[in-house]
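Asker: following is a predicted model, sequence given first.
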Amino acid sequence: MAKNSAKKSGETVYKIVEVVGSSPTSWEEAASLAVKTAAKSLRDLRVAEITKLDMKIEGGKVVAYRARVSLSFKYEN
């Protein structure tokens with residue numbers, strides 16, 4: 001009998017990377033930019049999780065919203 005090389009359903013391995021997006025407008029835009037930029041070099045992104053939100057302050061005013069995003073993507077065979 002030949003070995004079945006097909007992967008069993010549910011057997012998947014993912015890699016997680018962390019990126020930080022920045023926007024002068026909002027945390028949502030910062031997070032979206034992080035995903036959009038990462039998608040240019042990472043294929044098959046699956047899940048994005050915002051792990052931290054912060055703001056850059058200069059002269060007592062918010063000048064940038066920053067979002068730290070954990071992204072997962074599937075390893076290829």
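Answerer: That came through fine. Numbering: from 1, shown residues only.
Asker: thinking Arg66 is in contact with Leu53, fair?
Answerer: Yes: using Cβ atoms under 8 Å, Arg66 is in contact with Leu53, at 7.2 Å. Bear in mind the C-beta positions are built from the backbone N, C-alpha and C, glycine included.
Asker: so Lys36 sits in a helix?
Answerer: Yes: checked against DSSP: H, G, I helix; E, B strand; the rest coil, Lys36 lies within a helix.
Asker: what separates it from Glu11, distance-wise?
Answerer: 30 Å (Cβ to Cβ, to the nearest Å).
Asker: still on that earlier bit, more neighbours, Arg66 and Leu53?
Answerer: Arg66 (17 against 12; other Cβ atoms under 10 Å).
Asker: can you tell me the element that one falls in?
Answerer: strand 61-74 (DSSP states H and E).
Asker: cool, thanks, signing off.
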